[in-house]
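pasting the sequence and the predicted model now:
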Amino acid sequence: MSRKTRRKTLKNARQCRQFLGKVINELYAGEVKPDIAGKIFYGISVLLKSIETDELETRIQRLEALTNGKEAKTYHAN
């Protein structure tokens with residue numbers, strides 16, 4: 001990656017995916033060192049997990065609000 005590259009703000013999974021694609025292409029072209037690319041890949045994997053966890057937490061909170069915090073009945077087949 002060139003030094004002229006602007007800093008990338010990654011706020012969602014789509015932006016992470018697009019940035020990963022860019023880094024992979026630059027790695028393949030020899031424009032970024034493998035050790036740097038590896039650090040970027042690791043950082044993005046941690047960020048993606050954090051995004052996923054945040055989205056799941058938000059969905060759970062919405063579902064709980066819809067059910068007024070009541071637990072769903074579960075049925076077990078005997």
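Nice, I can see it.

just the helices in the chain please.
Here the chain has its helices, by DSSP state H, at 13-28, 34-66.

apart from its neighbours in sequence, what residue is nearest the residue minimising distance to the centre of the chain?
Centroid check for the chain by C-alpha atoms, centre = their mean gives residue 48 as the closest residue, at 1.9 Å. In this structure, residue 48 finds its nearest non-sequential neighbour in residue 16, 5.5 Å apart by C-beta to C-beta, 6 or more residues apart in numbering. Placement of C-beta: from N, CA and C, glycine included.

now do the same contact list for that neighbour.
Residue 16 makes contacts with 10, 44, 47, 48, 51, as judged by C-beta atoms under 8 Å, 6 or more residues apart in numbering.

just put those residues in TSV and tack on distance to residue 67.
What follows is the contacts of residue 16, written out as TSV (distance: C-beta to C-beta, whole Å):
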residue	distance to residue 67
10	33
44	35
47	31
48	29
51	25
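
closest one to residue 21 out of the residues you listed, please.
Nearest to residue 21 out of those is residue 44 (C-beta to C-beta; 11.1 Å).

out of the helices of the chain, deepest packed?
Highest mean neighbour count among the helices of the chain (mean count of other C-beta atoms under 10 Å): helix 13-28, with a mean of 14.

pLDDT of it, averaged?
Averaging pLDDT along helix 13-28 gives 96.

ok, stretch 68-75 next?
69.

over to stretch 33-42?
Averaging pLDDT along stretch 33-42 yields 97.

now do it: everything it contacts.
Residues outside stretch 33-42 that contact it (C-beta under 8 Å, 6+ apart) are 1, 20, 23, 24, 26, 27.
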